[in-house]
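Chemist: just coords:
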């Protein structure tokens, strides 16, 4: 499965030979230039967000508040031998879910994520190589109210993503990764990811809104390569002068294995609405 996805990604994302050369920027510390754009439909892309999600089925909470706090900070950037530019930084986030039906809006699970990303861009082609750590923790109030067999889910991993921007606001991306160290040890190590995004070339509401949509498919060796599907669609607020700053209001749909670490063995389906801020 992984070699097939990798082959498709290479064929789809390979740059045109006629790609126009761009004048590279000077090397510098704390570059604010974002080379690899955020993946808007990836449920675990580090960014700031607040969403309401209604979980389907009877296993677990029904009305869920999901929040994330995250950012990528570039530490150093430089030209790449006259062929584009590269940067290295720090990427960190917390992903939390709350049971809104509980009397005290219990914190159910929190995933802590930190990584070192190496980014590259040349024209419409970009790449992201990351070494990262994730660990999952259950909320105290949730543990007091429920009998749960706690799983100490924690791992370090490396992944590589390739992205290509096409005309008319279309973007394709794909890649894969490997869990270097994992707990529980029986976790299967391989993963793959593909997706697409679309930004409407025109605008709405006198130039204040732009329709956007994204689809993200993730395949885990642990889940016998069955697809985890994430769909998001809505509008992006315009009028912000900084192009590396984006505010989106998105409808959300997810079907697959639960991305909230502690419950990774359970299937999950939900509908939601969220506010997402990308820097």
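Modeler: Sure thing, it's come through. Fair warning: this is a prediction, and the values are worked out from it, not measured in the lab.

Chemist: For the nearest residue to residue 54 once chain neighbours are set aside, give me its contacts.
Modeler: Leaving out its chain neighbours, the residue that sits closest to residue 54 by CB to CB, 6 or more residues apart in numbering is residue 271, at 5.4 Å. All C-beta atoms are positioned from the backbone trio N, CA, C, and that covers glycine. Residue 271 is in contact with 53, 54, 56, 251, 252, 253, counting by CB atoms under 8 Å, 6 or more residues apart in numbering.

Chemist: Select, from the residues you listed, the two members most distant in space.
Modeler: Using CB to CB, those span at most 15.2 Å, a distance reached by 56 and 251.

Chemist: Can you list the buried residues in stretch 267-279?
Modeler: Residues 268, 270, 272, 274, 276, 278, 279 are the ones in stretch 267-279 that count as buried (16 or more other CB atoms under 10 Å).

Chemist: which residues does residue 53 contact?
Modeler: 64, 65, 66, 97, 252, 254, 270, 271, 272, 274.

Chemist: The residue nearest the centre of the chain and residue 103: what is the separation?
Modeler: The residue lying closest to the centre of the chain (CA atoms, centre = their mean) is residue 45, at 2.4 Å. According to CB to CB, to the nearest Å, residue 45 stands 32 Å off from residue 103.

Chemist: and what of residue 40?
Modeler: Distance from residue 40 to residue 103, by CB to CB: 34 Å.

Chemist: quick one, which of those two is more surrounded?
Modeler: residue 40 (27 against 8; other CB atoms under 10 Å).

Chemist: which intervals of this structure have sub-threshold pLDDT?
Modeler: For the chain, residues meeting the criterion pLDDT under 70 lie at 1-26, 31-32, 58, 239-244.

Chemist: all strands for it, in order.
Modeler: Here the chain has its strands, by DSSP state E, at 28-29, 48-55, 63-79, 85-99, 107-122, 125-138, 154-165, 170-183, 190-199, 209-220, 227-237, 246-257, 267-278.

Chemist: follow-up on the earlier one: hey, what's the residue nearest to residue 54 bridged with?
Modeler: residue 54, residue 253 (DSSP bridges).

Chemist: check contacts around the residue nearest to residue 45 when sequence neighbours are not counted.
Modeler: Nearest residue to residue 45 in three dimensions, chain neighbours excluded: residue 39, at 4.9 Å (CB to CB, 6+ apart). Applying CB under 8 Å, 6+ apart, we find residue 39 in contact with 45, 161, 173, 195, 197, 214, 216.

Chemist: So which of the strands of the chain is nearest residue 145?
Modeler: Closest approach to residue 145 among the strands of the chain is made by strand 85-99 (8.7 Å; CB to CB).

Chemist: about what we covered before: in TSV: the contacts of residue 53, plus distance to residue 203.
Modeler: Shown next, in TSV, are the contacts of residue 53 (distance: CB to CB, whole Å):
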residue	distance to residue 203
64	32
65	31
66	28
97	34
252	23
254	28
270	30
271	27
272	25
274	21
